[in-house]
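Chemist: please work out how this folds:
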Amino acid sequence: MLKWADMQKLSRDELIEAYDREGRNVGSIGCSFIRDEIFQRDLAEQGDRMERMTREMKRLTKVIAWLTVAIAVLTAISTYWIIAET
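Modeler: Numbers count the residues shown, from 1 in each chain. Next up, the predicted model:
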């Protein structure tokens with residue numbers, strides 16, 4: 001049986017292998033802690049991806065805002081020059 005500290009050191013693939021190994025000798029209820037650990041790691045990985053995506057969306061929103069301001073300024077300058085020439 002795996003100890004909690006030892007389980008934390010295992011990779012996801014090693015956890016799945018341990019689950020398969022333990023599952024041969026014990027009922028599925030006895031291995032639920034390994035299955036739960038795999039699920040929690042998957043959840044944590046998904047959360048990390050969501051946080052990275054959120055940061056990227058925030059950065060892109062700022063870029064779009066600055067580009068919008070730049071376009072507005074250039075449009076105002078262009079309009080002024082057109083009016084000044086007539």
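
Chemist: going by C-alpha atoms from here, please, whenever you check contacts or count neighbours.
Modeler: OK.

Chemist: can you pull the poorly scored residue ranges out of this protein?
Modeler: 1-2, 25-31 (pLDDT under 70).

Chemist: which helices and strands sit right next to the lengthiest helix in the chain?
Modeler: Longest helix of the chain, by residue count under DSSP state H: helix 32-85. In terms of contacts (3 or more CA pairs under 8 Å, 6 or more residues apart in numbering; DSSP states H and E), helix 32-85 is packed against helix 12-25.

Chemist: repeat that with 10 Å
Modeler: Helices and strands touching helix 32-85, by 3 or more CA pairs under 10 Å, 6 or more residues apart in numbering; DSSP states H and E, are helix 4-9, helix 12-25.

Chemist: most tightly surrounded among those helices?
Modeler: Each of these was scored by mean neighbour count; the highest is helix 12-25, a mean of 14, by mean count of other CA atoms under 10 Å.

Chemist: now that helix - C-alpha only, CSV.
Modeler: Extracted C-alpha coordinates of helix 12-25, given in CSV (Å, rounded to 0.1, in the frame of the first residue of the first chain):
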residue,chain,number,x,y,z
ARG,A,12,0.6,10.6,-13.2
ASP,A,13,1.6,7.5,-15.2
GLU,A,14,3.2,6.0,-12.2
LEU,A,15,0.0,6.6,-10.2
ILE,A,16,-2.0,4.8,-12.9
GLU,A,17,0.4,1.9,-12.9
ALA,A,18,0.1,1.7,-9.1
TYR,A,19,-3.7,1.8,-9.4
ASP,A,20,-3.6,-1.1,-11.9
ARG,A,21,-1.2,-3.0,-9.7
GLU,A,22,-3.2,-2.4,-6.4
GLY,A,23,-6.5,-3.1,-8.2
ARG,A,24,-5.5,-6.7,-8.9
ASN,A,25,-5.3,-7.5,-5.2
